[in-house]
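[1] sequence unknown, structure follows:
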């Protein structure tokens, strides 16, 4: 099968290995694994995760939950403090199976009463990322728990400050302290945490929800969460121009497939698989610029290059389908079924 570039290419063996390794880590420490499917948005991948031992899935939005519910997944946690509008309540009540949501305010805790009786809630606490979530010392934490009553399941957090070189272990410690101190204050409950960079250091929670580990990306490599050999998702692109004098090549993959996400601690907008020093120095909408290392032969026009993007989640949300390749070079096409389900 010929692939028109640019295109997202997944190495199925690496994908499966990543999934099995995370499942094994969780099982070895008696932790339930509830992977975040916002990374891949693909039911086939979620099924591989469940088959490997995941007890359910985590979604980012009601829309994602609707897609995965329709695909047969019946144990879903929407791990964000939702705004429970009338329409949101209607959609949540229509989801079959086991559904849990996140809350971090008294207003939304009170609104949970509008949901069907079997919908449960976890309270989000802030373990250091400083996005949403309540401080574990805030008095409102206990008030929210009281308002939720029997719907209360436990507490959750996202240790997003794990992203960055060497940050994973400290973020895992912050996460553990925040979650355990919160449930102690509340008289018990589930502790749910986990990001891909911190998951390897997590050994004492009830549940973890990593997402990017299935693919890994330039952020994960730079943060030390994985090695380049664990990257399973790449953007396949073609060299469309080259300048021998300054060793510059231009690829047909720009920001409309690689995204523009670039943390301050990462050099470039992605790198070439197998050539970590060949980094994208500039992006336009449909082109990427790479100044090729002097000690490596300059690629020819027409040569195909595999690029490791900075942030896998953003890339997946920019394509309708992905190509999946196994060791026998056989290709499959999987639909990104939950693409664009942002509400």
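    Ah, there it is. Just so it is clear, the structure is predicted and the values come from calculations on it, not from any experiment. Residues are numbered from 1 along each chain as shown.

[2] Verify the stated contact: residue 310 with residue 218.
    Yes: using Cβ atoms under 8 Å, residue 310 is in contact with residue 218, at 4.5 Å. Every C-beta, even on glycine, is put in place using the N, C-alpha and C of the backbone.

[3] Look up the residues that both of the two are in contact with.
    The contact sets of residue 310 and residue 218 overlap at 266, 270 (Cβ atoms under 8 Å, 6 or more residues apart in numbering).

[4] Run the chain-centre distance for the host helix or strand of residue 124.
    Under the criterion of DSSP states H and E, residue 124 resides in strand 120-124. The chain centroid and the centroid of strand 120-124 are separated by 20 Å, computed with Cα atoms, centre = their mean, to the nearest Å.

[5] and the gap between residue 86 and residue 342?
    Remark: distance between residue 86 and residue 342 (Cβ to Cβ, to the nearest Å) = 19 Å.

[6] Low-confidence stretches in the stretch 201-343 of the chain?
    Counting by pLDDT under 70, the stretch 201-343 of the chain contains low-confidence residues at 328.

[7] quick revisit: partners of the strand holding residue 124 in the sheet?
    Its sheet considered, strand 120-124 pairs with strand 98-103 (parallel), strand 152-156 (parallel) by DSSP bridges.

[8] Is residue 333 in a helix, a strand, or coil?
    strand (DSSP: H, G, I helix; E, B strand; the rest coil).

[9] thinking again about what came up before, so can I have a markdown table of the strands paired with strand 120-124 showing mean neighbour count and distance to residue 191?
    A markdown table is the format used below for those (neighbours: other Cβ atoms under 10 Å; distance: least, Cβ to Cβ, whole Å):
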| stretch | mean neighbour count | distance to residue 191 |
| --- | --- | --- |
| strand 98-103 | 22 | 14 |
| strand 152-156 | 25 | 6 |
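
[10] how about CSV for these, with distance to residue 61 and mean pLDDT added?
    Putting the strands paired with strand 120-124 into CSV (distance: least, Cβ to Cβ, whole Å; pLDDT from 0 to 100) gives the following:
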stretch, distance to residue 61, mean pLDDT
strand 98-103, 11, 98
strand 152-156, 16, 98
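
[11] need the ones you listed in a markdown table with distance to residue 332, can you?
    As requested, the strands paired with strand 120-124 are arranged in a markdown table below (distance: least, Cβ to Cβ, whole Å):
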| stretch | distance to residue 332 |
| --- | --- |
| strand 98-103 | 30 |
| strand 152-156 | 34 |
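
[12] These: which one's closest to residue 33?
    The closest of the strands paired with strand 120-124 to residue 33 is strand 152-156. By Cβ to Cβ, the value is 14.1 Å.

[13] what sits up against the closest one?
    Contacting residues not belonging to strand 152-156 are listed as 77, 79, 100, 102, 120-125, 145, 179, 182-183, 186, 188-193, 206, 209 [Cβ under 8 Å, 6+ apart].

[14] Now a PyMOL select for only the buried ones of the residues you listed.
    Here is the PyMOL command that selects the buried residues among the contacts of strand 152-156 (16 or more other Cβ atoms under 10 Å):
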select buried, resi 77+79+100+102+120+121+122+123+124+125+145+179+182+183+186+189+190+191+192+193+206+209
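
[15] Can you tell me the closest non-neighbouring residue to residue 95?
    Among residues not flanking residue 95 along the chain, residue 69 sits closest, at 5.3 Å (Cβ to Cβ, 6 or more residues apart in numbering).
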